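[1] this is a predicted model, with the sequence first.
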Amino acid sequence: MLEALKALSAFFTENSLRTRRNLRGDIERRSLAINEEFVQVFKEVKEELENVHEDVQAMSTCCQDMTSRLKAAKEQTQDLIVKTTKLQAENQRLEVKAQVANAFLSKFQLTSEEMSTLRGTREGPVTESFFKALGRVKQIHNDVKILLRTNQQTAGLEIMEQMALLQETSYERLYRWAQSECRTLTQESCDISPVLTQAMEALQDRPVLYKYTLDEFGTARRNAVVRGFIDALTRGGPGGTPRPIEMYSHDPLRYVGDMLAWLHQATASEKEHLETLLKLVTMQGVEENIQEVLGHITEGVCRPLKVRIEQVIVSEPGAVLLYKISNLLKFYHHTNSGIVGNNANTLLTTIEEMHVLSKKMFFNNLSLHASKLMDKIELPPPDLGPTAALNQTLTLLREVLASHDSSVVPLDARQADFVQVLSCALDPLLQMCTVSASNLGTADMATYMVNCLYMMKTTLALFEFTDKRLEMLQFQIEAHLDTLVNEQASYVLTRAGLSYMYNCIQQHKPEQGPLVNIPSMDGASLKAAMVQFDSYLASPDSLLMLQLNYLLSATLKEHIFKQSTELVCRAYSELYAAVMNPANEYKEPGAILHRSPQQVKTLLS
């Protein structure tokens, strides 16, 4: 109802009598107009649908025609499709085979670039790419063994044979190149290229070629070292600095030292060159190879070195210089052995031979000196001091021992040499001193021997490894000191008038009766002797043997004086005890010996 009213309000705009009367007609006319409009529109739709129908009909006809044609074409191309499908499957199989073949070739064959690199000209250079290609050949040679465990044994054998032949050709070319490179290393400064180091690493798989290359390197470096050594001897360094070693031939120690120092430096440099050359080699025995080649390199300088050192040694420059040269040779033998090893090395053998020769000449020199001492033995001087021959020999020994102490030879070697040096020098000295003093009196002999032994001891005390010798000398000194102590005590007792009485007391036996009855042992004689003894007590220094003033050591002199004084006190104590003994029948013994032993000891101390 509301919708009808809304539609009516659309055209019924004026509410009047006329419009109300004509409302029905208006409504009918409006309805008719709407129906006519609907009919017109539907007619257009109908026409469009008819057109669509016609188009669809045409399309249906066309599709039927195409279906028929397709069916006919399918019947005609069925064989072609089957063939195409077969060809596509075959193509896929061929592509898989091609991939397998390419993979096989890439794994078991070289590229053309790698082949050309390995088969380059015989004299052509070897580069980094050569070693990559050679490594590829080795890898293929190892990988092809897999084929031998499959049904592809024929192909595997053919590839292995091909790679083996290519390997041999490549190694031969590499060896020729390395040999040529080694021959150019004849300058004093040797620059090992990284490519040559890689070549030695590769050649280790061919031990014979590796050995030949090392020999070639050793020969080249041997010539360089020999030439460098001769230049150092005769020309010196660049521009004359350092000066030629031959210019110092007047100074044997420096001459020998400079030659050995140059060789030590050259040997160390050559070992560094060899270590650089073989740093990539992983096979066993590299260190032995280095030592062997190093021995070959240094062998060339052995002859000129030996000739020059022999000339120095046989010229007899003196015992001290011979000993210094011996120690120098021993030091460089020890030092070079740390570089070249302890195997049979010609350089070490040469140095050892020269060391033995210099040592032999040194001990011959010492023995000759000792024989001269014994051939013409000097008499002790009036002051009983050391003879000129003794002082000269001790000076020689001091210089030898001083050079021994400053030596850089290992401790155990120095100690062994020391014992032999001391035996060769000291034993003849001791014998000479004993023979020289054989015609002297007891006190003179003891004084002379103490002075000589004291000089030997003070000389040895400054050096190491002398403890045993010092101990032996001290025993001998003490033996002679005991003689001097007894002589001094006897001297005092004789001068003080107690010597005869002390001897009587020592020899007296109880069955002989009292002491007072023995001649010159009565109370009056004892009192007279005590007067002389009192004079001694007043001035003990007045009764010294002349020989004690000749002693070189004040300490030893003081020791003798002290020990002899104790002997005098002991003798007085025995005399005092005998006099005070009632069995000896001395009257008023206190008046005869008015000092007790303790008082005498106090006065003499």
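    Nice, I can see it.
[2] distance between stretch 386-397 and the chain's centre?
    Centroid separation for stretch 386-397 versus its chain: 42 Å, with C-alpha atoms, centre = their mean, to the nearest Å.
[3] repeat that for stretch 298-312.
    Centroid separation between stretch 298-312 and its chain, computed with C-alpha atoms, centre = their mean, is 26 Å.
[4] does I351 touch H333 like I think?
    Yes. Using C-beta atoms under 8 Å, I351 is in contact with H333, at 4.6 Å. (C-beta placed from N, C-alpha, C; glycine too.)
[5] the two: which is more packed in?
    I351 (27 against 20; other C-beta atoms under 10 Å).
[6] mind checking how far that one is from P317?
    18 Å (C-beta to C-beta, to the nearest Å).
[7] now do D251
    From D251 to P317 the distance is 10 Å (C-beta to C-beta).
[8] quick one, which of the two is more surrounded?
    Per other C-beta under 10 Å, whichever of D251 and P317 has more neighbours is P317, with 18 against 14.
[9] tell me the contacts of the residue nearest to the more buried one when sequence neighbours are not counted?
    Excluding its sequence neighbours, the residue lying closest to P317 (C-beta to C-beta, 6 or more residues apart in numbering) is P252, at 4.7 Å. Residues counted as contacts of P252 (C-beta atoms under 8 Å, 6 or more residues apart in numbering) are 312, 315, 317, 321, 325.
[10] inside helices: which ones of those?
    Taking DSSP state H, the ones among these that sit in helices are 312, 321, 325.
[11] would you mind putting the CA coordinates of stretch 333-341 into CSV?
    Provided in CSV are the C-alpha atoms of stretch 333-341 (Å, rounded to 0.1, in the frame of the first residue of the first chain):
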residue,chain,number,x,y,z
HIS,A,333,134.9,-28.8,15.9
HIS,A,334,132.3,-28.8,18.6
THR,A,335,130.4,-25.9,17.0
ASN,A,336,130.5,-27.2,13.4
SER,A,337,129.4,-30.7,14.6
GLY,A,338,126.1,-29.0,15.7
ILE,A,339,125.6,-27.8,12.1
VAL,A,340,126.8,-30.7,10.0
GLY,A,341,126.1,-33.5,12.5
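[12] where exactly do the helices run in the stretch 201-350 of the chain?
    Assigned by DSSP state H, counting those that start in this stretch, the stretch 201-350 of the chain shows helices spanning 207-234, 252-277, 286-299, 302-314, 319-340, 346-375.
[13] how about a markdown table for the ones you listed, with distance to L32 added?
    As requested, these are exported to a markdown table (distance: least, C-beta to C-beta, whole Å):
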| stretch | distance to L32 |
| --- | --- |
| helix 207-234 | 123 |
| helix 252-277 | 121 |
| helix 286-299 | 124 |
| helix 302-314 | 146 |
| helix 319-340 | 135 |
| helix 346-375 | 142 |
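[14] can you say which of those is packed in most?
    Stretch with highest mean neighbour count among these: helix 319-340 (a mean of 22; mean count of other C-beta atoms under 10 Å).
[15] tell me what that helix is packed against?
    In terms of contacts (3 or more C-beta pairs under 8 Å, 6 or more residues apart in numbering; DSSP states H and E), helix 319-340 is packed against helix 252-277, helix 286-299, helix 302-314, helix 346-375, helix 388-405, helix 411-436.
[16] contacts for the fifth one next, please.
    Spelled out, it's helix 388-405. Under C-beta under 8 Å, 6+ apart, the answer for helix 388-405 is 319-320, 323-324, 327, 369, 373, 378, 386, 414, 417-418, 421, 425-426, 429, 432-433, 452, 455-456, 459-460, 462-464.
[17] any buried residues in that helix, and which?
    Using 16 or more other C-beta atoms under 10 Å as the burial criterion, the residues of helix 388-405 that qualify are 389-390, 393-394, 396-401, 403-404.
[18] nearest to V568 among these?
    L390 (33.4 Å; C-beta to C-beta).
[19] against N451, how distant is that closest one?
    Shown here: L390 relative to N451, a distance of 9 Å by C-beta to C-beta.
[20] repeat that for V312.
    38 Å.
[21] isn't I290 right up against K279?
    No. Assessed by C-beta under 8 Å, I290 is found out of contact with K279, at 10.8 Å.
[22] rewinding a little: make a markdown table out of the helices and strands packed on helix 319-340 and add distance to N549.
    Formatted as a markdown table, the helices and strands packed on helix 319-340 follow (distance: least, C-beta to C-beta, whole Å):
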| stretch | distance to N549 |
| --- | --- |
| helix 252-277 | 44 |
| helix 286-299 | 64 |
| helix 302-314 | 47 |
| helix 346-375 | 28 |
| helix 388-405 | 20 |
| helix 411-436 | 20 |
